[in-house]
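The following comprises the amino acid sequence and a computationally predicted model.
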Amino acid sequence: MSGDATSTPDGPGTDPRGDDAERFAAALDDCGDGSAEGGSDLAREVALARRLAAFGSALDPEPRARERARRRLLAALDREAGGDAPSGGPSRAS
């Protein structure tokens, strides 16, 4: 690793959002609600993450719907990148 401060997790050039992610991960790992360290915002995010995890794969789309969405996303990204040629996927109407 270089001596650059931004190349280390604890250096002065670190992204402050990383601290939020660390607090969120710690709150999930500790099984607390996050209110002690991060206030009501963190507690709300932890509660939401736990509710979503409880649903598990019940919220996953069926495989065909997932594939259609994937093809539409890839086609849109291709158009955005400048490749206006059709990708062979379904039209937006399908």
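Alright, I've got the coordinates.

C-alpha from now on. contacts and neighbour counts both.
OK.

how about the helix or strand bottoming out on mean pLDDT in the chain as PDB, C-alpha atoms only?
Least confident helix or strand of the chain, by mean pLDDT, DSSP states H and E, is helix 16-30 with a mean of 78. Extracted in PDB, the C-alpha atoms of helix 16-30 (Å, rounded to 0.1, in the frame of the first residue of the first chain):
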ATOM      1  CA  PRO A  16     -17.300  10.100   5.700                       C
ATOM      2  CA  ARG A  17     -20.100   7.900   4.300                       C
ATOM      3  CA  GLY A  18     -17.900   4.900   5.200                       C
ATOM      4  CA  ASP A  19     -18.500   5.800   8.900                       C
ATOM      5  CA  ASP A  20     -22.200   5.600   8.400                       C
ATOM      6  CA  ALA A  21     -21.900   2.200   6.700                       C
ATOM      7  CA  GLU A  22     -19.700   1.000   9.500                       C
ATOM      8  CA  ARG A  23     -22.200   2.100  12.200                       C
ATOM      9  CA  PHE A  24     -25.000   0.500  10.200                       C
ATOM     10  CA  ALA A  25     -23.100  -2.800   9.900                       C
ATOM     11  CA  ALA A  26     -22.200  -2.700  13.600                       C
ATOM     12  CA  ALA A  27     -25.800  -2.100  14.600                       C
ATOM     13  CA  LEU A  28     -26.900  -5.100  12.500                       C
ATOM     14  CA  ASP A  29     -24.100  -7.300  13.900                       C
ATOM     15  CA  ASP A  30     -24.800  -6.300  17.500                       C
END
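
helices or strands next to the helix or strand containing A54 in the packing?
Assigned by DSSP states H and E, A54 belongs to helix 35-55. Under the contact criterion of 3 or more C-alpha pairs under 8 Å, 6 or more residues apart in numbering; DSSP states H and E, helix 35-55 touches helix 16-30.

buried sites along the helix it packs on?
R23, F24, A27, L28 (16 or more other C-alpha atoms under 10 Å).

One more: stretch 76-85?
Those would be A76, for stretch 76-85 by 16+ other C-alpha under 10 Å.

average pLDDT across it?
The predicted model assigns stretch 76-85 a mean pLDDT of 82.
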